[in-house]
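>>> Pasted the sequence and its predicted model underneath.
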Amino acid sequence: MDVFGFLNLNELALGLSNLSMFPCFDMAHYIISVMSLREQPGALEVSQRSPFACWFSSMLYCFGGAVLSALMMADAPVAPLSNTTNLLLASLMWCVVFYCPLDAVYSLASVLPVRLLLTAMKEVTRTWKVLGGVTQAGRKYKDGLFVMIAVGWAKGAGGGLLSNFEQLVRGVWKPETNELLKMSYFSFTRMMLLGSSSYPFSAVESLVYKTLFVRPLTFSPLTDSSPIRNKPNGSASDEPDQTNPQDAENTKKTD
């Protein structure tokens, strides 16, 4: 039995490939990206103190993947911002998420069913971004499999990879949150939907790490674990312990 044919996955994939990302899917991507920025500690204070810094940080969240992949491919990093329509749409989403009266847009987008829908639409755009990055690298490096993977990864997850630079724009410096040191996992799990910081595969990663990458420290050649230091003639010292007052007194009487 053809499972793919039974589930009509081929038709579903073909239908998704024919969908236009603009404006609905792009709008969902921008809303979720700006919401991710807003939920960072201190982001609301920056939005009130310096709206331009908040806007610039939001654009890094929205177009970070395209900017990073352009840098990796030696292209102009401002090229993703040349599309005025997308830039204006992202700016509009930033405005309504941060400054809408009564926080109506953010409150509505935070409702679980709405956030689930927006997240699903954002993941569709991420798939297209990864495919675009792989295709872009494949044109220039036909046999560079690693380059294709790296550029596709950067284009799909560039917002997180540029998080440290984005933090500097907001006046924050937290190098321990670097994406390479602590990778996030954006999916339909509770991390994205419920705001949980727990990682669903942490137990599996811990097991793999302890199995493959931990070296047992049973012996260290730089330390001497022997309690008695050997003398040049190979015999142990028979001198009394001078730190013991009774032994010291007996030694004086013997002398």
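Yep, it's here.
>>> list the buried ones in stretch 107-115?
Neighbour counts over stretch 107-115 (16 or more other CB atoms under 10 Å) mark A109, R115 as buried. (C-beta placed from N, C-alpha, C; glycine too.)
>>> Looking at that stretch now, give me its mean pLDDT.
What stretch 107-115 shows for mean pLDDT is 94.
>>> Just the CA atoms of it, as PDB, please.
Provided in PDB are the C-alpha atoms of stretch 107-115 (Å, rounded to 0.1, in the frame of the first residue of the first chain):
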ATOM      1  CA  SER A 107      -3.500  39.700  23.300                       C
ATOM      2  CA  LEU A 108      -5.400  38.200  20.400                       C
ATOM      3  CA  ALA A 109      -2.300  36.500  18.900                       C
ATOM      4  CA  SER A 110      -1.400  35.100  22.300                       C
ATOM      5  CA  VAL A 111      -4.600  33.100  22.500                       C
ATOM      6  CA  LEU A 112      -3.500  29.400  22.100                       C
ATOM      7  CA  PRO A 113      -5.500  28.500  19.000                       C
ATOM      8  CA  VAL A 114      -4.500  31.700  17.200                       C
ATOM      9  CA  ARG A 115      -0.900  31.300  18.200                       C
END
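>>> Now do the phi/psi pair for V169.
Main-chain torsions, V169, degrees, to the nearest 10: phi -60, psi -40.
>>> hang on, it packs against S58?
No: counting by CB atoms under 8 Å, S58 is not a contact partner of V169; they are 10.0 Å apart.
>>> Between these two, which is the more surrounded one?
S58 (27 against 19; other CB atoms under 10 Å).
>>> could you say what helices and strands the helix or strand hosting R115 packs with?
Assessed by DSSP states H and E, R115 sits inside helix 112-140. Applying 3 or more CB pairs under 8 Å, 6 or more residues apart in numbering; DSSP states H and E, one finds that helix 112-140 contacts helix 24-38, helix 51-72, helix 104-109, helix 145-161, helix 190-193.
>>> Mind checking the pLDDT average for the helix or strand following the last one?
Read it as helix 190-193. Next helix or strand after helix 190-193 toward the C-terminus (DSSP H and E): helix 202-212. Mean pLDDT, helix 202-212: 80.
>>> next one: stretch 138-158
Mean pLDDT, stretch 138-158: 91.
>>> Take that stretch, keep the C-alpha atoms, and write them as CSV.
Coordinates of the C-alpha atoms in stretch 138-158 are reproduced here as CSV (Å, rounded to 0.1, in the frame of the first residue of the first chain):
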residue,chain,number,x,y,z
GLY,A,138,23.8,25.1,-4.8
ARG,A,139,24.0,27.5,-7.7
LYS,A,140,27.4,28.8,-6.5
TYR,A,141,28.8,25.6,-5.0
LYS,A,142,27.4,22.6,-6.8
ASP,A,143,29.4,20.0,-4.9
GLY,A,144,29.4,21.9,-1.6
LEU,A,145,27.0,19.8,0.5
PHE,A,146,28.1,21.3,3.8
VAL,A,147,27.8,24.8,2.4
MET,A,148,24.2,24.1,1.2
ILE,A,149,23.3,22.8,4.6
ALA,A,150,24.9,25.7,6.4
VAL,A,151,23.3,28.4,4.3
GLY,A,152,19.9,26.7,4.5
TRP,A,153,20.2,26.5,8.2
ALA,A,154,21.3,30.1,8.5
LYS,A,155,18.4,31.3,6.3
GLY,A,156,15.9,29.3,8.3
ALA,A,157,17.2,30.1,11.8
GLY,A,158,19.1,33.4,11.3
